[in-house]
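1. I would like to see how this sequence folds:
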Amino acid sequence: MSLLKDFKAFAVKGNVIDLAVAVIIGGAFSGIVKSLVDDVIMPVVGRIFGSLDFSNLYLPLAEVPADVAPTLAAVKAAGVPVLAYGSFVSVLINFTILAFIIFMMVRQVSKLTQALVKKEEEAPAAPAPTPEDVLLLREIRDALKQK
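-> Take a look at the predicted model:
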């Protein structure tokens, strides 16, 4: 029974819920970055390198039949093993962009956290309460002044 209680305590902690939300948002964000790379960046890079389509870059690992079109999809459909390094280049660019964006987000959160901590440190501290013995001595002093 204690294992179940421990798991329940772990699962309802804020960190686990935060992690689940981060994974979901990261998955959606990954789709955005993939589209950015595939639909915006790679065509520009391909154009710079002479209308090169990175998704079709491959190295056949066996003899390609003469009647097969020289595209990655056709070569794969013919059953020829290939090393599709063009796809790897696209995935590498996706990862680099995603890692950079996450780095920028963490950097901004860190700056915000440091600014909040600094602001708390600069705030004036509340004065310490007057000790009880000092209060009693003041009462005695005031009582003697009135006589």
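2. and residue 17, what element?
-> Using DSSP states H and E, residue 17 falls within helix 14-36.
3. next structured bit after that helix?
-> Moving on from helix 14-36 towards the C-terminus, the next helix or strand you reach (DSSP H and E) is helix 42-48.
4. that following helix packs against which elements?
-> Judged by 3 or more Cβ pairs under 8 Å, 6 or more residues apart in numbering; DSSP states H and E, helix 42-48 has no packing partners among the helices and strands. Using the backbone N, CA and C atoms, a C-beta is placed for each residue, glycine as well.
5. run a quick neighbour tally on residue 86.
-> A count of nearby residues for residue 86, using other Cβ atoms under 10 Å, gives 19.
6. roughly how far is stretch 54-61 from the heart of the chain?
-> Taking Cα atoms, centre = their mean, to the nearest Å, one finds the center of stretch 54-61 at 31 Å from the center of the full chain.
7. any chance you could list what contacts that stretch?
-> Residues from elsewhere that reach stretch 54-61 (Cβ atoms under 8 Å, 6 or more residues apart in numbering): 38, 42, 45-46, 71-72, 75, 80-87, 89-90.
8. for residue 46, see how far away the closest residue in space to residue 29 that isn't next to it in sequence is.
-> When the adjacent residues along the chain are set aside, residue 29 lies closest to residue 98, with 7.3 Å between them (Cβ to Cβ, 6 or more residues apart in numbering). Between residue 98 and residue 46 the computed distance is 21 Å (Cβ to Cβ, to the nearest Å).
9. and residue 26, by the same measure?
-> As defined by Cβ to Cβ, residue 26 lies at a distance of 27 Å from residue 46.
10. and the two? which has more neighbours close in?
-> residue 46 (17 against 11).
11. pLDDT score for the more buried one?
-> In the prediction, the pLDDT value recorded for residue 46 is 74.
12. helices of the protein, residue ranges please.
-> Using DSSP state H, the helices assigned to the chain run over residues 2-11, 14-36, 42-48, 72-77, 85-122, 132-146.
13. many thanks, we can stop here.
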